[in-house]
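Student: Any chance you can model this:
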Amino acid sequence: MLSYEREDQPLDDPKEAYRHQQCFNLVLDQAIQSIEQSVDLNNLVRGHVKLFGFLSNFQKYTGGRNKETHSQIQAALTLITTKQY
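Tutor: Below is the predicted model of the structure:
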């Protein structure tokens, strides 16, 4: 056995064993939900950046780029209005 390992001590009391199992399941479930929410939020932000990321350089657009920018804005807004939230 390694220095950080030790022998398991089985829980003889069924109520205590159930409580430990329930606690573990609750903690594990909460960790899984947090990770899923983080992934969902990350995907949401990526979607917004994909749609509206070009607006971060909006002041730099001049000349012929205005038509391209107009097209991008129109496409992004059309996409948003067709989705149902």
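
Student: only C-alpha atoms for contact and neighbour calcs from this point on.
Tutor: Fine.

Student: Show the residue spans covered by the strands in the chain.
Tutor: Shown for the chain, no strands are assigned by DSSP state E.

Student: low-scoring pLDDT stretches of it, where are they?
Tutor: Residue ranges of the chain with pLDDT under 70: 1, 57-67, 69, 79-85.

Student: What are the buried residues along the helix ranked longest in the chain?
Tutor: Longest helix in the chain, counting residues (DSSP state H): helix 14-52. Within helix 14-52, the residues scored as buried using 16 or more other C-alpha atoms under 10 Å are L51.

Student: centre of the chain versus that helix, how much separation?
Tutor: On the basis of C-alpha atoms, centre = their mean, to the nearest Å, helix 14-52 sits 10 Å off its chain's mean C-alpha point.

Student: That one - contacts with which helices or strands?
Tutor: helix 65-82 (3 or more C-alpha pairs under 8 Å, 6 or more residues apart in numbering; DSSP states H and E).

Student: measure the residue lying farthest from the centre of the chain to Y18 for me?
Tutor: The outermost residue of the chain, judged against the average C-alpha position, is D12 (40.8 Å), by C-alpha atoms, centre = their mean. From D12 over to Y18 the distance is 11 Å, taken as C-alpha to C-alpha, to the nearest Å.

Student: And R46, by the same measure?
Tutor: Applying C-alpha to C-alpha to R46 and Y18 gives a distance of 42 Å.

Student: now Q30
Tutor: Taking C-alpha to C-alpha, one finds Q30 at 18 Å from Y18.

Student: now L41
Tutor: On the measure of C-alpha to C-alpha, L41 and Y18 end up 34 Å apart.

Student: How about N43?
Tutor: Taking C-alpha to C-alpha, one finds N43 at 37 Å from Y18.

Student: Just the CA coordinates for stretch 16-29, please, in CSV.
Tutor: The C-alpha trace of stretch 16-29 is given here as CSV (Å, rounded to 0.1, in the frame of the first residue of the first chain):
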residue,chain,number,x,y,z
GLU,A,16,-24.8,6.0,8.0
ALA,A,17,-24.0,4.2,4.8
TYR,A,18,-27.1,5.5,3.1
ARG,A,19,-26.3,9.1,4.3
HIS,A,20,-22.7,8.9,2.9
GLN,A,21,-24.0,7.5,-0.4
GLN,A,22,-26.7,10.2,-0.7
CYS,A,23,-24.1,12.9,0.1
PHE,A,24,-21.8,11.6,-2.6
ASN,A,25,-24.6,11.4,-5.2
LEU,A,26,-25.7,14.9,-4.4
VAL,A,27,-22.2,16.3,-4.7
LEU,A,28,-21.6,14.4,-7.9
ASP,A,29,-24.9,15.5,-9.4
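
Student: Noted, bye for now.
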